[in-house]
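Q: pasting the structure only:
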């Protein structure tokens, strides 16, 4: 049958907007840039996939004739967004074309048959646990910035490692990311029994999946999750997202953390340090963003040099009474790390001139960052 429905602009736009990051990916299959629109009890089901992430959303609509078809996701989104009408009507005619009416405007849009659209992944109903969305939003925010780019030689570093742990009957969820030059770890205590989550021995979530997981959690108070061997499933009463997991190894990050002695500590005010780094970064070379840190008793001098532009120097008051240190670091790594921290004072542990820097704070529980040094 030919699909025919009327829907509010707001609800249609909200549903289509959720699919844009998934359907606008350039790929080999033209059908993947389309959204599948199907009639159901009480409205429509909108589905998009790039074969790595799939999202299915229910939206209320008045169904006049049942049916299903696919339409170009970006174009139907643009039509609905720019429409001046609060109500949109869509009617399928022959050869997968539709007539869209919005106020005094009429659009004819070419679709594609739904039989070419990939099947939405099946999943088990029995293994879901409900969590507050804020838990995942914080985990993701604290690690997503240090995931390796797709060009990285170590394939697994383009994903986040997801772990669960129970310590003295207290349950924790943890995310870990690294690009080979820095390491970010975030763990949150949760009320649920994490033993019920069926994780693989190594559970890797691709960066694209993590970005969509974050978007799924925004605007929702709670979300149910379930892990299966090859996929992660998120859902609430109106939407289901399936993220395909990656396979591979992940560096033994615990050994890296344990190798750093927590003895030689600098205490630095986070916001002044962050602002200083941004100033110094103006004169770094574009590729490596190298800065020099000269650390003395209760004082840190930051400096940078650009062969074409000049140089910069900045001084920060710190709490430190160890041996003098002279180190090189990528300034951008510090800026991104301090930007996601939520504390007034940062504790930085650096043992020697060649040591990595471990940063954490008692006021930012669960978060640890390690940044590797650079040769000056």
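A: That came through, no problem. Everything quoted here is computed from the prediction, not taken from an experiment. Numbers count the residues shown, from 1 in each chain.
Q: pretty sure residue 364 is in a strand, no?
A: No - under DSSP: H, G, I helix; E, B strand; the rest coil, residue 364 sits outside any strand and is assigned coil.
Q: can you give me the helices in the stretch 1-150 of the chain?
A: 9-23, 73-82, 133-143 (DSSP state H, counting those that start in this stretch).
Q: Turn those into CSV, columns for mean neighbour count.
A: The C-beta positions use only the backbone N, C-alpha and C, and glycine is treated the same way. Shown next, in CSV, are the helices of the stretch 1-150 of the chain (neighbours: other Cβ atoms under 10 Å):
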stretch, mean neighbour count
helix 9-23, 19
helix 73-82, 17
helix 133-143, 20
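Q: Low-confidence bits of the stretch 201-350 of the chain, can you list those?
A: For the stretch 201-350 of the chain, no stretch is flagged by pLDDT under 70.
Q: Helices along that one, start to end?
A: Using DSSP H, counting those that start in this stretch, helices in the stretch 201-350 of the chain cover 207-217, 253-258, 270-280, 331-340.
Q: out of these, nearest to residue 197?
A: helix 207-217 (14.6 Å; Cβ to Cβ).
Q: Next, the angle helix 133-143 makes with the closest one.
A: 150 degrees (axes from the mean of the first three to the mean of the last three Cα atoms, to 10 degrees).
Q: what comes up buried for helix 207-217?
A: 207, 208, 209, 210, 212, 213, 214, 215, 216, 217 (16 or more other Cβ atoms under 10 Å).
Q: And the helices of the stretch 1-150 of the chain: which comes nearest residue 2?
A: That would be helix 73-82 among the helices of the stretch 1-150 of the chain, by Cβ to Cβ, at 16.8 Å.
Q: Excluding residues flanking it in the chain, which one is nearest residue 341?
A: residue 364 (5.2 Å; Cβ to Cβ, 6 or more residues apart in numbering).
Q: that older thread, between the buried residues of helix 207-217, which is nearest residue 77?
A: residue 215 (15.0 Å).
Q: so that closest one makes contact with residue 17?
A: No - taking contacts as Cβ atoms under 8 Å, residue 215 lies outside contact range of residue 17: 9.8 Å.
Q: How many residues are close by the closest residue to residue 241 other than its chain neighbours?
A: Distance criterion Cβ to Cβ, 6+ apart; nearest residue to residue 241, sequence neighbours excluded, is residue 234 at 4.4 Å. Under the neighbour criterion other Cβ atoms under 10 Å, residue 234 is assigned a count of 23.
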